[in-house]
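1. sequence unavailable; structure follows:
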């Protein structure tokens, strides 16, 4: 009993002595005083962490020279109490080595996907991309984008990120919260913004709101092409007298389909 902790009833580990001469493991007495209050659990004499002292050296020598049997299975070695921690850590290292010998191949630690460059991300995900492509070709007519967006949508729902998921679903269904590219083009023209000024505004709004309200410049250019004459094929029925059926309408020269003479 003189070499066991009066809280945990085990052999003293890192022993400390209170002012009332009772012995405890350091961690046991610190936890006990934190929960129960600053009293000795044996005699209820006031006891503070600052009052704890190391027992006399002769007692520590007796404790360190105690012979104990290793509790680890298939070991049963008798070791001195003072060297028990070192012996146990040897077992732990061996166990860790067995666990990770086939997993950890050494080298650099793997970085998180988001911290990698786009090239490295593509390299890391090449096997997944191959599987997604095979699935899309088999099940969805080769629509890889739809498969990836659906996967992302399911991942957001699983994490309860329903606001983001709703926005993504709206975009997938063609009813996004952003403005139509043709509307953005009209805004850019009517407010006399240059392409670079519009791009700055687009980036700022996206950064501040976290949503893509305005469309990027390439979408505006596509919308502009569709609005210019000559983009959509047309044919008068019945054909107009003295009017060419050529739909390749000139924009610069303004010849409106008449052949050059």
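-> On my side now, so go ahead. Since this is a predicted model, take the numbers as computed values, not measurements. Residues are numbered from 1 along each chain as shown.
2. can you give me the domain assignment for the protein?
-> Domain assignment of the chain by automatic domain parsing yields the ranges 15-97, 117-172, 178-256.
3. just put the ones you listed in a markdown table and tack on distance to residue 3.
-> Quick note: C-beta positions are derived from backbone N, CA and C, even for glycine. Listed next are those as a markdown table, based on distance: least, CB to CB, whole Å:
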| stretch | distance to residue 3 |
| --- | --- |
| domain 15-97 | 6 |
| domain 117-172 | 53 |
| domain 178-256 | 64 |
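4. how about CSV for the ones you listed, with mean pLDDT added?
-> What follows is those, written out as CSV (pLDDT from 0 to 100):
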stretch, mean pLDDT
domain 15-97, 78
domain 117-172, 86
domain 178-256, 81
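5. can those go into a markdown table with extra columns for mean neighbour count and distance to residue 6?
-> Shown next, in a markdown table, are the domains of the chain (neighbours: other CB atoms under 10 Å; distance: least, CB to CB, whole Å):
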| stretch | mean neighbour count | distance to residue 6 |
| --- | --- | --- |
| domain 15-97 | 14 | 5 |
| domain 117-172 | 13 | 48 |
| domain 178-256 | 13 | 59 |
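6. where do the helices sit along the stretch 51-200 of the chain?
-> Listed in chain order, the helices of the stretch 51-200 of the chain (DSSP state H, counting those that start in this stretch) span 57-64, 84-100, 118-124, 126-139, 144-158, 162-172, 181-190, 195-209.
7. out of those helices, nearest to residue 23?
-> helix 57-64 (8.3 Å; CB to CB).
8. in terms of secondary structure, what does that closest one contact?
-> strand 15-17 (3 or more CB pairs under 8 Å, 6 or more residues apart in numbering; DSSP states H and E).
9. who's in contact with the strand it packs on?
-> For strand 15-17, contacts defined as CB atoms under 8 Å, 6 or more residues apart in numbering pick out 5, 23-26, 29, 52-55, 59-60, 63.
10. just those now: which is nearest residue 218?
-> Set against residue 218, the nearest of these by CB to CB is residue 26 (66.8 Å).
11. how about the nearest residue to that closest one, chain neighbours excluded?
-> Spatial nearest neighbour of residue 26, chain neighbours left out: residue 14 (4.4 Å); criterion: CB to CB, 6 or more residues apart in numbering.
12. start to end distance for stretch 200-217?
-> Length of stretch 200-217, first residue to last, CA to CA, to the nearest Å: 11 Å.
13. actually, stretch 19-35.
-> Terminal-residue distance, stretch 19-35 (CA to CA): 19 Å.
14. off-centre distance for that stretch?
-> 42 Å (CA atoms, centre = their mean, to the nearest Å).
15. touching that stretch from outside, list them.
-> For stretch 19-35, using CB under 8 Å, 6+ apart, the contacting residues are 2, 5-8, 10, 12-18, 39-43, 45, 47-49, 51-52, 55.
16. at 10 Å instead, please
-> 1-18, 38-49, 51-55, 59, 63 (CB atoms under 10 Å, 6 or more residues apart in numbering).
17. just these: which are in strands?
-> 15, 16, 17 (DSSP state E).
18. okay, these in JSON lines with distance to residue 243 next?
-> Formatted as JSON lines, these follow (distance: CB to CB, whole Å):
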{"residue": "15", "distance to residue 243": "107"}
{"residue": "16", "distance to residue 243": "105"}
{"residue": "17", "distance to residue 243": "111"}
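19. of these, closest to residue 216?
-> Among the ones in strands among the contacts of stretch 19-35, residue 16 lies closest to residue 216 (CB to CB), at 67.3 Å.
20. residue 167 versus residue 148, what's the distance?
-> According to CB to CB, to the nearest Å, residue 148 stands 16 Å off from residue 167.
21. do the same with residue 184
-> Residue 184 is 18 Å from residue 167, where distance means CB to CB.
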